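In: Sequence first, then the predicted structure, then my questions.
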Amino acid sequence: MHELGIARSIVDIAVQAARDDGASGVARIGVRIGAMAAVEASALDFAFDVARLGTAAAQAVLEVESLPLVCHCRDCDLDFPVDNRYGVALCPVCDVPSGDIRQGTELQVSYVEVF
């Protein structure tokens, strides 16, 4: 379960942000996870509950924003959602295959709310 390592990194980032801000703790942590990031949200929630114990983020709430896979068609300049996890799809307008991924690979801390 690699989600535990990810959860520990999220907690480390948040605790460091609290330290840098002179805060005593972390209230909320927002993360953005793309459809192709290979992270299972329920496993991450469980891992986060373990990773935050005994840290300045012990009371923190994890808020996950799930991002769909979006590709871009270079022929007609259209960004379009993709329903598969292969990262290649046909443009719905011109039927040209596209593997130009514009969204869906993210795995990032988007905000940390401290107190």
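Out: Great, that's in hand.
In: Report the separation between Asp77 and Ala60.
Out: Shown here: Asp77 relative to Ala60, a distance of 41 Å by Cβ to Cβ, to the nearest Å. Just so you know, the C-beta spots here come from the backbone N, C-alpha and C atoms, and that holds for glycine as well.
In: higher neighbour count, these two?
Out: Set Asp77 next to Ala60 and count neighbours by other Cβ atoms under 10 Å: Ala60 wins out with 24 against 9.
In: surely that one meets Val31?
Out: No. Shown here, Ala60 and Val31 do not form a contact pair, counting by Cβ atoms under 8 Å, at 11.4 Å.
In: need the helices for this structure, in chain order.
Out: Counting by DSSP state H, one finds helices in the chain at the ranges 3-20, 41-51.
In: Which among those helices is found nearest to Glu106?
Out: Taking Cβ to Cβ as the criterion, Glu106 comes closest to helix 3-20 out of the helices of the chain, the separation being 12.6 Å.
In: what packs against the helix or strand bottoming out on mean pLDDT in the chain?
Out: Comparing every helix and strand of the chain by mean pLDDT, DSSP states H and E singles out strand 89-90 as the least confident one, with a mean of 92. Taking 3 or more Cβ pairs under 8 Å, 6 or more residues apart in numbering; DSSP states H and E as contact, the helices and strands that strand 89-90 lies on are strand 97-98.
In: Spit out the residues that contact Ala60 and Val31 alike.
Out: Common contact partners of Ala60 and Val31 (Cβ atoms under 8 Å, 6 or more residues apart in numbering): none.
In: per-residue confidence at the residue at the greatest distance from the centre of the chain?
Out: For the chain, the C-alpha lying farthest from the average C-alpha position belongs to Cys94; by Cα atoms, centre = their mean, that distance is 30.7 Å. We have a pLDDT of 96 for Cys94.
In: What sits closest to it if chain neighbours are left out?
Out: What sits nearest to Cys94 in space, not counting adjacent residues and going by Cβ to Cβ, 6 or more residues apart in numbering, is Cys76, at 4.9 Å.
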